[in-house]
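Colleague: Provided below are the primary sequence and the corresponding predicted coordinates.
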Amino acid sequence: MDEELWAGKIARAMDPHAGRISTEELMAETGLDQDRIERAVQ
């Protein structure tokens, strides 16, 4: 369940960047750590 919420956060953060965003920027914009980002995109 959490992974679905995290995936939504990631999608919203990536949208203004046309999908081109570094992991560090993604972590800063979503508040998620790298482990959660990896789990959400699996």
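Modeller: Cool, the structure landed.

Colleague: Please count neighbours and contacts with C-alpha atoms only from this point.
Modeller: Will do.

Colleague: Now the residue nearest to the spatial centre of the chain. Nearest residue, chain neighbours left out?
Modeller: The centre of the chain sits closest to Ile10, judged by CA atoms, centre = their mean, with a distance of 2.8 Å. Nearest non-adjacent residue to Ile10, counting by CA to CA, 6 or more residues apart in numbering: Thr30, 6.6 Å away.

Colleague: Can you show me the CA trace of the lengthiest helix in the chain as PDB?
Modeller: Longest helix in the chain by number of residues (criterion: DSSP state H): helix 2-14. The C-alpha coordinates for helix 2-14 follow below in PDB (Å, rounded to 0.1, in the frame of the first residue of the first chain):
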ATOM      1  CA  ASP A   2       2.700   2.500   0.900                       C
ATOM      2  CA  GLU A   3       4.500   1.800  -2.300                       C
ATOM      3  CA  GLU A   4       1.500   3.000  -4.300                       C
ATOM      4  CA  LEU A   5       1.400   6.300  -2.400                       C
ATOM      5  CA  TRP A   6       5.200   6.700  -2.800                       C
ATOM      6  CA  ALA A   7       4.800   6.000  -6.600                       C
ATOM      7  CA  GLY A   8       2.200   8.800  -6.800                       C
ATOM      8  CA  LYS A   9       4.600  11.200  -5.000                       C
ATOM      9  CA  ILE A  10       7.300  10.300  -7.400                       C
ATOM     10  CA  ALA A  11       5.100  10.700 -10.500                       C
ATOM     11  CA  ARG A  12       4.000  14.200  -9.300                       C
ATOM     12  CA  ALA A  13       7.600  15.200  -8.700                       C
ATOM     13  CA  MET A  14       8.800  13.900 -12.100                       C
END
